[in-house]
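K.L.:
build me a structure from this.
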Amino acid sequence: MVYLMLLAHLLGDYVFQWDGLARLKMRSLWGVVAHGGIVTAVTLLLALLAEPTWWPYALLIGATHTAIDVVRARLLHPKRTSWEMVWYLLDQVAHLGVIGLAVAAGGDPWQAGLTALGLPLNREVILYVAGYLLLAQPAWVLLRFVVRGIWGPEAAPRLGLGEKYGPMAERVVIATSVVLGQPFLIPVVLLPRRLASIQVREEGVALLVRPTGSWLETLLGVALAVVVGLFLRML
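P.N.:
Numbers count the residues shown, from 1 in each chain. Take a look at the predicted model:
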C-alpha cells in the first residue's frame with residue numbers, strides 16, 4: 001500500500017496540478033480546496049483498487065493534505081528564496097509523514113503486489129511508474145527551489161519561468177539509458193538542446209555548443225536521473 005500512496009501523492013500533488021491551478025492556489029482559497037479535492041480523489045481511487053476497506057485512511061491523507069496546503073498558502077509567505085525552499089521541503093515532509101503514519105495504521109504497509117482493473121500492478125511496476133513521474137514535474141519543482149534557495153534567485157528563474165519540458169524529457173531519457181546499462185549515452189542526450197547553428201561568413205553553417213538554462217539545474221537534474229535509473233535497475 002505504501003507504494004500506491006506514494007504514487008497517489010505524485011499524481012495528485014504534481015501531475016494533476018497544472019500551472020493554472022497552481023496560480024489559482026496563490027490567489028484564492030478555492031484553488032487550494034480544489035487541489036486538495038484532486039489529491040483526495042486520486043488517493044481514494046488507488047486505495048479502493050487495492051483494498052476497499054482502506055478508504056478511511058485515504059480520506060485522512062486527503063483531508064490532511066488539504067489542511068497542510070491551507071496553512072502554507074495562508075500563513076506562510078516567505079520573503080527570501082531560501083525560505084521558499086525550506087517551506088517547500090517541510091511541506092513535502094509533512095505530506096509524506098502523514099502517508100507513512102496512515103499506511104502504518106492501516107496495516108500491511110509493505111504489500112508486495114495487487115491487481116487493479118485486471119492489470120497486474122506489483123511493487124516493481126508501481127516503483128517504475130513513480131520513478132519516472134518523479135523525474136517530471138516533482139523534479140522540476142524540487143530542483144528549482146533547491147537551486148534558488150541555496151545559490152540565490154539569480155541562479156534560476158521562479159517557477160513558471162524558464163525551460164520546463166525539455167529538461168524533463170532529458171531526465172527521463174537519461175534514467176532510461178542508466179536502466180538499460182548505457183550511461184555513456186548521457187552526453188548524447190544532453191547535446192541536442194545545446195546545439196546552435198551559426199553562419200560562418202560565406203563558407204556555410206557551423207554548429208556551436210552552448211549552455212541551455214541553468215547549469216546548476218542541469219547538473220542536479222542529471223544526478224537525480226542517474227540515481228533514479230540506478231535504483232530502478234536494481235529492482
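K.L.:
I'd like to know how far Gly131 sits from Trp83.
P.N.:
Taking CB to CB, to the nearest Å as the measure, Gly131 falls 29 Å from Trp83. The way it works is simple: take the backbone N, C-alpha and C, and place the C-beta from them, glycine included.
K.L.:
do Met168 as well
P.N.:
When Met168 is compared with Trp83 (using CB to CB), they lie 26 Å apart.
K.L.:
and those two? Which one has more around it.
P.N.:
Met168 (16 against 13; other CB atoms under 10 Å).
K.L.:
how about the nearest residue to the more buried one, chain neighbours excluded?
P.N.:
Ala136 (4.8 Å; CB to CB, 6 or more residues apart in numbering).
K.L.:
let me know how buried that neighbour is, in neighbour terms.
P.N.:
Neighbourhood size, Ala136 [other CB under 10 Å]: 19.
K.L.:
next one, pLDDT for it please.
P.N.:
pLDDT for Ala136: 90.
K.L.:
am I right that it is in contact with Pro167?
P.N.:
No: using CB atoms under 8 Å, Ala136 makes no contact with Pro167, being 9.7 Å away.
K.L.:
show me the contacts for the residue nearest the centre of the chain.
P.N.:
Central residue of the chain (CA atoms, centre = their mean): Pro138, 1.6 Å from the mean position. Going by CB atoms under 8 Å, 6 or more residues apart in numbering, Pro138 touches Leu10, Asp13, Tyr14.
K.L.:
now do the helix or strand hosting Ala22: distance to the chain's middle.
P.N.:
Assigned by DSSP states H and E, Ala22 belongs to helix 19-27. Here helix 19-27 shows a centroid-to-chain-centroid distance of 17 Å under the convention CA atoms, centre = their mean, to the nearest Å.
K.L.:
which of the residues in that helix are buried?
P.N.:
Leu24, Lys25 (16 or more other CB atoms under 10 Å).
K.L.:
before we move on, what about stretch 6-18?
P.N.:
Buried, per 16+ other CB under 10 Å, within stretch 6-18: Leu6, Leu7, Ala8, His9, Leu10, Leu11, Gly12, Asp13, Tyr14, Gln17.
K.L.:
distance check, Ala223 against Gly152.
P.N.:
20 Å.
K.L.:
likewise for Leu232?
P.N.:
Where Gly152 is concerned, Leu232 sits at a distance of 33 Å (CB to CB).
K.L.:
so for these two, which residue has more residues nearby?
P.N.:
Taking other CB under 10 Å, Leu232 and Gly152 do not tie; Leu232 has more neighbours (18 against 12).
K.L.:
work out for me the element the more buried one sits within.
P.N.:
Here Leu232 sits within helix 215-233, counting by DSSP H and E.
K.L.:
how about His9?
P.N.:
Going by DSSP H and E, His9 is part of helix 2-10.
K.L.:
what's that helix packed up against?
P.N.:
When contacts are defined as 3 or more CB pairs under 8 Å, 6 or more residues apart in numbering; DSSP states H and E, helix 2-10 sits against helix 29-50, helix 81-106, helix 123-134.
K.L.:
most tightly packed of these?
P.N.:
helix 29-50 (a mean of 19; mean count of other CB atoms under 10 Å).
K.L.:
pull the CA atoms of it into PDB?
P.N.:
Output of helix 29-50 as PDB, limited to C-alpha atoms (Å, rounded to 0.1, in the frame of the first residue of the first chain):
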ATOM      1  CA  LEU A  29      -8.500  29.500  -1.100                       C
ATOM      2  CA  TRP A  30     -10.800  27.800  -3.600                       C
ATOM      3  CA  GLY A  31      -7.700  26.900  -5.600                       C
ATOM      4  CA  VAL A  32      -6.200  25.200  -2.500                       C
ATOM      5  CA  VAL A  33      -9.500  23.300  -1.800                       C
ATOM      6  CA  ALA A  34      -9.800  22.200  -5.500                       C
ATOM      7  CA  HIS A  35      -6.200  20.900  -5.400                       C
ATOM      8  CA  GLY A  36      -7.000  19.100  -2.100                       C
ATOM      9  CA  GLY A  37     -10.100  17.500  -3.700                       C
ATOM     10  CA  ILE A  38      -8.000  16.200  -6.500                       C
ATOM     11  CA  VAL A  39      -5.400  14.700  -4.200                       C
ATOM     12  CA  THR A  40      -8.100  13.100  -2.100                       C
ATOM     13  CA  ALA A  41      -9.900  11.700  -5.200                       C
ATOM     14  CA  VAL A  42      -6.700  10.100  -6.600                       C
ATOM     15  CA  THR A  43      -5.700   8.800  -3.200                       C
ATOM     16  CA  LEU A  44      -9.100   7.300  -2.600                       C
ATOM     17  CA  LEU A  45      -9.300   5.700  -6.000                       C
ATOM     18  CA  LEU A  46      -6.000   3.900  -5.800                       C
ATOM     19  CA  ALA A  47      -6.700   2.800  -2.200                       C
ATOM     20  CA  LEU A  48     -10.100   1.400  -3.200                       C
ATOM     21  CA  LEU A  49      -8.500  -0.500  -6.100                       C
ATOM     22  CA  ALA A  50      -6.000  -2.100  -3.700                       C
END
